[in-house]
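*Asks:* generate a structure from the sequence data that follows.
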Amino acid sequence: MATESLADPRREPGAARRPLEGTRQKSRQDGQARRDHLARGPLVRQPPQQVADRLAKSSAGNAVRPPLAHVKVRRKKSSRQEERGSVALTGQRMTIRIITDQWLPVQKMFVYKYEVVSQRSQYCGFVDRIFSEHLLSAGHTYSVRVNDDSKRPWITKMFREV
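*Replies:* The predicted model follows:
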């Protein structure tokens with residue numbers, strides 16, 4: 001029996017370290033080849049942000065519906081937040097800067113988010129909303145007259161662009 005165990009390569013001392021015949025031992029080159037094969041894929045070389053940008057660009061062309069509203073927006077200069085009804089309207093003339101303008105097609109009028117820039121006004125720096133039939137552009141400053149109803153703010157007359 002001792003001769004049989006010596007004849008069996010698995011029973012020899014140090015056999016655990018040697019591969020059996022007919023089997024392929026992993027070498028460093030095989031592992032390197034596997035990593036190179038994985039690195040050739042299209043998504044592996046690109047950072048995830050580029051992949052996300054590419055997917056977003058392709059899906060943007062497949063929009064089902066048009067945007068709900070076209071709104072032009074500019075940065076406000078005032079540090080105050082918008083507060084509806086913060087500017088009491090008494091038919092006064094004031095200088096305002098338009099922050100956002102939006103056309104309301106059903107009502108056939110514009111809605112504006114504005115800030116008061118009249119230095120002499122007690123409402124200087126206040127931000128509010130107002131409606132008008134006059135076309136005013138976001139980011140521009142205008143001298144206007146308003147109505148005297150704060151619940152229904154309205155620009156009655158636009159004098160000039162400042």
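
*Asks:* which element is the closest residue to residue 90 other than its chain neighbours on?
*Replies:* Leaving aside its sequence neighbours, residue 90 sits nearest to residue 148 (CB to CB, 6 or more residues apart in numbering; 5.3 Å). All C-beta atoms are positioned from the backbone trio N, CA, C, and that covers glycine. Using DSSP states H and E, residue 148 falls within no helix or strand.

*Asks:* repeat that for residue 58.
*Replies:* Here residue 58 is assigned to helix 48-60, by DSSP H and E.

*Asks:* now do the strands in the protein.
*Replies:* Using DSSP state E, the strands found in the chain span residues 71-73, 93-104, 109-116, 127-132, 141-146, 155-161.

*Asks:* just list the residues touching residue 79, thanks.
*Replies:* Shown in contact with residue 79 (CB atoms under 8 Å, 6 or more residues apart in numbering): residue 125.

*Asks:* nope, residue 130 is what I meant
*Replies:* Counted by CB under 8 Å, 6+ apart, residue 130 has contacts 96, 111, 112, 114, 146, 153, 154, 155.

*Asks:* wait, isn't the fourth one in contact with residue 128?
*Replies:* To tie it back to what came earlier, the one meant is residue 114. Yes. The pair residue 114 and residue 128 qualifies as a contact (CB atoms under 8 Å) at a distance of 6.5 Å.

*Asks:* domain assignment for the chain?
*Replies:* 27-64, 71-161 (automatic domain parsing).

*Asks:* and the last one, how far out from the chain middle?
*Replies:* Averaging C-alpha positions (CA atoms, centre = their mean, to the nearest Å) puts domain 71-161 27 Å from its chain's average.

*Asks:* what sits closest to residue 130 if chain neighbours are left out?
*Replies:* Nearest to residue 130 is residue 153, by CB to CB, 6+ apart, at 4.2 Å.

*Asks:* what is the neighbour count of residue 70?
*Replies:* Using other CB atoms under 10 Å, residue 70 has 9 neighbouring residues.

*Asks:* enumerate every residue touching residue 82.
*Replies:* By CB under 8 Å, 6+ apart, the neighbours of residue 82 are 113, 127, 128, 129.

*Asks:* relative to residue 114, how far out is it?
*Replies:* 9 Å (CB to CB, to the nearest Å).

*Asks:* count of neighbours near residue 55?
*Replies:* Neighbours of residue 55 (other CB under 10 Å): 10.

*Asks:* go on, residue 76?
*Replies:* So residue 76, with other CB under 10 Å, has 18 neighbours.

*Asks:* residue 153 too?
*Replies:* The number of residues near residue 153, taken as other CB under 10 Å, comes to 20.
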